[in-house]
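> Just a sequence and a predicted model for now, questions to come.
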Amino acid sequence: MNMQPSDSNEMTGKFFVDLANRQAALDTLLCVGLDPDLSKLPEPYLTCADPILSFCKDVIDATYDLVGCFKPQFAHFAAAEALPALREVIAYCHDKNVPVILDAKRGDVGSTSSFYAREAYDIYDADAVTVNPYLGGDSLEPFLERKDKGVILLCRTSNPGGADLQNLKLASGVEVYEQIASLAAKQWNDNENVGLVVGATRPEELKRVRAIVGDMTLLLPGIGAQRGDIAASLAAGAGGGLIVSSSRAVLYPEGGEMLAVRSEAEKTRRSLNQHRQ
């Protein structure tokens with residue numbers, strides 16, 4: 001594990017370059033979210049010494065050749081007192097040469113944010129992390145300065161309640177999510193290591209974000225269990241990098257066997273490829 005941030009210009013934008021190369025090689029936009037939930041795990045795993053680790057490793061084995069990256073959800077591991085398993089899961093992904101987005105949605109004042117960045121990148125060895133930009137540019141700096149890592153900012157989230165704040169109109173006439181997109185593209189992306197979270201449940205907002213940010217990579221949660229429209233989302237997000245995440249629909253298919261997990265991942269990847277532009 002590299003405990004020191006790299007200052008090499010060659011590392012600028014490395015996460016998104018590596019991800020795009022893997023997506024092209026495997027012909028996939030799919031990201032599988034690793035959201036372990038003990039109440040949903042198939043019964044055989046509950047007798048394992050480490051149910052969450054065993055389940056996640058089996059999901060990785062079943063799907064790693066179908067995905068551009070994996071996205072473990074920090075809260076699911078933390079609430080199950082399984083943070084040691086999270087470190088092992090990320091290491092296991094890396095053993096398969098698959099990059100990892102740690103879905104932690106960090107965000108705090110700059111001094112604390114620096115510790116969150118160290119936690120994500122150095123303790124858990126994540127290749128990218130989701131970050132909440134609500135506290136502004138100085139709170140993001142500890143993440144942004146890591147040229148070799150990805151910083152994926154919340155912009156227009158997939159949940160209905162996101163509209164409570166993200167669609168508020170500012171004095172300038174733009175909505176909050178549009179301002180975040182503009183700042184991300186024009187002020188925060190000097191190291192070419194910034195992406196944005198835009199829900200697949202919001203194709204109109206997604207289209208607007210794409211127009212603002214150009215070819216910046218966008219992470220699209222919300223297909224599968226949240227019923228985001230794949231065709232509409234891929235059309236709206238065309239013109240730049242895309243990562244399309246599915247978690248519950250892939251992890252917990254009817255039947256619960258790993259063959260069913262792989263089958264659901266294959267079906268999702270196939271559907272994404274049918275609608276790509």
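Thanks, I have it.
> Wait, residue 86 touches residue 74, no?
Yes. Look at residue 86 against residue 74 with C-beta atoms under 8 Å: they come within range, at 7.1 Å. C-beta coordinates here come from the backbone N, C-alpha and C atoms, glycine included.
> Compare those two (neighbour count), which wins?
Applying other C-beta atoms under 10 Å to residue 86 and residue 74 shows that residue 86 carries more neighbours, namely 25 against 20.
> Report the separation between that one and residue 56.
Between residue 86 and residue 56 the distance is 9 Å, computed by C-beta to C-beta, to the nearest Å.
> Tell me who's in contact with the nearest residue in space to residue 153 that is not next to it in sequence.
Leaving aside its chain neighbours, residue 153 sits nearest to residue 133 (4.7 Å; criterion: C-beta to C-beta, 6 or more residues apart in numbering). By C-beta atoms under 8 Å, 6 or more residues apart in numbering, the contact list for residue 133 reads 107, 139-140, 153-154, 180, 183-184, 188.
> I'd like to know which of these is nearest to residue 233.
Nearest to residue 233 among the contacts of residue 133: residue 154, at 17.0 Å, using C-beta to C-beta.
> what about that closest one, is that helix, strand or coil?
At residue 154 the chain is in strand, as set by DSSP: H, G, I helix; E, B strand; the rest coil.
> pLDDT score assigned to the closest residue to residue 261 other than its chain neighbours?
The shortest distance from residue 261 to any non-neighbouring residue, by C-beta to C-beta, 6+ apart, is to residue 62 (5.0 Å). Listed pLDDT for residue 62 reads 98.
> And the contacts of the host helix or strand of residue 15?
If you go by DSSP states H and E, residue 15 is part of helix 14-26. Helix 14-26 is contacted from outside by 29, 65-69, 98-99, 127-128, 147-150, 192-193, 195, 217, 241, 243, using C-beta under 8 Å, 6+ apart.
> just stretch 231-246 next, same as before
Residues contacting stretch 231-246 (C-beta under 8 Å, 6+ apart): 16, 19-20, 29-33, 68-69, 71, 101, 195, 198, 200, 203-204, 206-207, 210, 213-224, 230, 264-265, 268, 272, 275-277.
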